[in-house]
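Chemist: Okay, here's the prediction I keep looking at, along with the sequence it came from:
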Amino acid sequence: MTNSPCLLLRALRISQFLPLIGLWMMTWVAPLAAQQQSLRIDEDGTIHVTDLTVPLSSFLSSEARNYMLELLLKKPFSGGPSAAEDIKGYRAKQDEIMNRFLKPIIALYPVNIEHKTIAGLYTDVVTPKEGVSPKNRNLVLLNVHGGGFVSGARTAGLVESIPVAAVEKIKVITIDYRMGPEYKFPAASEDVAVVYREILKQYKPQQVGLYGCSAGGMLTAMSVAWFQNKGLPSPGALGVLCASIGNLSGGDADSVTGPLNGMPVMMPREWERRGGPGYLSEVDPKDPLVYPINSTALVAKFPPTLLITSTRAMEFGAAINSHNVLIRNGVDAELHVWDGLPHAFWYNSELPESREVYDVIARFFDRHLRH
């Protein structure tokens, strides 16, 4: 009984704060409950989110922001036949897109382009207008273009080669390798090896760099595995760009990068199953000559490797995983990531971020190739 006044006093004090508690419930707990209603987690850890809002990255340059708005709102690269329906029409559409990128590249980066047959294969030999720098006279880069193993010959190859040749002041040879659906694995690896073997008659392995973007990035890794299998020495350095040393996609990127680019959720590794189309349709997914990440022995022998990706790119997770695997196996590997940009964004030379990529590529090969 002696405590009853205190209890009464405490009750009075609490009652004074009831309105505040109610306000807190309305402003914090109620929205939290609403959030819980829009978030569901399955027993296997799958997360379902509704009412998710994702703005453009605050790290984008103004040029990149405008580019993303164009991609999201106007979808300039959509339309046209699929590769499975009409391969000629599909390639024409892809070349049209590549030529859109190529026009400003040619204006910004003056080069000489020589069409040359090497070991029976068509190549474009790209050199800077002012000439190769003295320090790079005994060095060469080989490029294997992107395009899903189905397109990109003589267009995407130049998009990838011209800026690097001009910035690094080095000779770049881009290879027109065999693609699907007319050909299947290992046709492209064989073609790269044939050209590489011929190049080794003039250059030492440590004087040669090999790089590519997207399918070309995958082919870069495949080619090094193929070289090892055929007893050829590895090049001095690699650029696995917009790709990985395994599957093109995987991890969280399968679920999030599609919607972040205004497209449906991508089916996990659907691109590889279709083979881009056909080129990889008959491969064993465990074959290390297709996906070198499957072999620790192969990976451990990789030369210094550069990986470049972006957070809205389908290969984002796979590139991170590839970097981890390379480092784990003692390979000198670098990973560079740009926030808020899509797959192969550096094809657009009008973005400051793309020019950063050119500089990164040039510096990487400059550090790792040896005379």
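Modeler: Noted; the coordinates are in hand.
Chemist: In the protein, where's the longest strand?
Modeler: Longest strand of the chain, by residue count under DSSP state E: strand 333-342.
Chemist: and that one, which residues are buried?
Modeler: The neighbour-count check on strand 333-342 (16 or more other C-beta atoms under 10 Å) flags 333-336, 338, 340-342 as buried. C-betas here are computed from N, CA, C, even on glycine.
Chemist: now swap in stretch 186-197 and tell me
Modeler: Buried-residue list, stretch 186-197, by 16+ other C-beta under 10 Å: 186-189, 191-196.
Chemist: if I pick Ser62, what's in contact with it?
Modeler: By C-beta atoms under 8 Å, 6 or more residues apart in numbering, the contact set of Ser62 is empty.
Chemist: Could you do Asp176 as well?
Modeler: With contacts defined as C-beta under 8 Å, 6+ apart, Asp176 is in contact with 121-124, 153-154, 157.
Chemist: And the buried residues of strand 333-342, which is closest to Ala313?
Modeler: The closest of those to Ala313 turns out to be Pro342 (C-beta to C-beta; 5.9 Å).
Chemist: Let's check: the centremost residue of the chain is which one?
Modeler: Cys242 (1.5 Å; C-alpha atoms, centre = their mean).
Chemist: circling back to that earlier point, so which of the contacts of Asp176 sit within helices?
Modeler: Within the contacts of Asp176, residues falling in helices by DSSP state H are Gly157.
Chemist: got the domain boundaries for this structure?
Modeler: Annotated domains of the chain cover 4-49, 62-368 [automatic domain parsing].
Chemist: and the first one, what's its mean pLDDT?
Modeler: Per-residue pLDDT over domain 4-49 has a mean of 58.
Chemist: those strands in the chain, which residues are they?
Modeler: 39-41, 47-49, 111-118, 121-128, 140-144, 171-175, 208-213, 237-241, 305-312, 333-342.
Chemist: coming back round to it: mind giving me the ChimeraX command for buried ones among the contacts of Asp176?
Modeler: Buried residues within the contacts of Asp176, by 16+ other C-beta under 10 Å, are selected in ChimeraX with:
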select :121,123,124,153,154,157
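Chemist: ok, now which ones touch Leu121?
Modeler: 175-177, 191, 194-195.
Chemist: From those residues, which land in helices?
Modeler: Those of those lying in helices (DSSP H): 191, 194-195.
Chemist: Out of the residues you listed, which comes closest to Val360?
Modeler: Val195 (25.1 Å).
Chemist: re the thing from before, closest one to Asn261 out of the contacts of Leu121, please.
Modeler: Tyr177 (27.7 Å).
Chemist: that older thread, would you format the buried residues of strand 333-342 as a markdown table with distance to Leu56 and pLDDT included?
Modeler: A markdown table is the format used below for those (distance: C-beta to C-beta, whole Å; pLDDT from 0 to 100):
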| residue | distance to Leu56 | pLDDT |
| --- | --- | --- |
| Ala333 | 30 | 98 |
| Glu334 | 27 | 98 |
| Leu335 | 23 | 98 |
| His336 | 20 | 98 |
| Trp338 | 13 | 98 |
| Gly340 | 6 | 98 |
| Leu341 | 10 | 98 |
| Pro342 | 12 | 98 |
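Chemist: Make a markdown table from these and add distance to Ile105 to it.
Modeler: Formatted as a markdown table, the buried residues of strand 333-342 follow (distance: C-beta to C-beta, whole Å):
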| residue | distance to Ile105 |
| --- | --- |
| Ala333 | 28 |
| Glu334 | 24 |
| Leu335 | 25 |
| His336 | 20 |
| Trp338 | 18 |
| Gly340 | 22 |
| Leu341 | 18 |
| Pro342 | 18 |
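Chemist: which stretches of the stretch 201-350 of the chain have low pLDDT?
Modeler: 266-277 (pLDDT under 70).
Chemist: Enumerate the helices of it by residue range, in sequence order.
Modeler: Ranges of helices in the stretch 201-350 of the chain, per DSSP state H, counting those that start in this stretch, are 215-229, 253-260, 270-278, 296-300, 316-328.
Chemist: could I get those as a markdown table with distance to Phe59 and mean neighbour count?
Modeler: Below are the helices of the stretch 201-350 of the chain laid out as a markdown table (distance: least, C-beta to C-beta, whole Å; neighbours: other C-beta atoms under 10 Å):
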| stretch | distance to Phe59 | mean neighbour count |
| --- | --- | --- |
| helix 215-229 | 23 | 26 |
| helix 253-260 | 14 | 19 |
| helix 270-278 | 27 | 19 |
| helix 296-300 | 32 | 16 |
| helix 316-328 | 15 | 21 |
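Chemist: sorry, back to before: spatially, which two of the contacts of Leu121 are the most separated?
Modeler: The most distant members of the contacts of Leu121, if one measures by C-beta to C-beta, are Asp176 and Val194, lying 12.0 Å apart.
Chemist: residues touching the closest residue to Lys230 other than its chain neighbours, list them.
Modeler: Once flanking residues are discounted, Lys230 sits nearest to Ala193: 6.2 Å by C-beta to C-beta, 6 or more residues apart in numbering. Counting by C-beta under 8 Å, 6+ apart, Ala193 touches 223, 226-227, 230, 232.
Chemist: quick one: Ala193 from Arg178, how far?
Modeler: 12 Å (C-beta to C-beta, to the nearest Å).
Chemist: Same check on Leu39?
Modeler: Counting by C-beta to C-beta, the separation of Leu39 from Arg178 is 48 Å.
Chemist: between those two, who's got more neighbours?
Modeler: Arg178 (17 against 13; other C-beta atoms under 10 Å).
Chemist: Quick check: the more buried one touching Ser189?
Modeler: No: applying C-beta atoms under 8 Å as the test, Arg178 and Ser189 come out as separate, 9.8 Å apart.
Chemist: ok so, going back, from the buried residues of strand 333-342, pick the one nearest Val54.
Modeler: Nearest to Val54 among the buried residues of strand 333-342, counting by C-beta to C-beta, is Gly340 at 9.5 Å.
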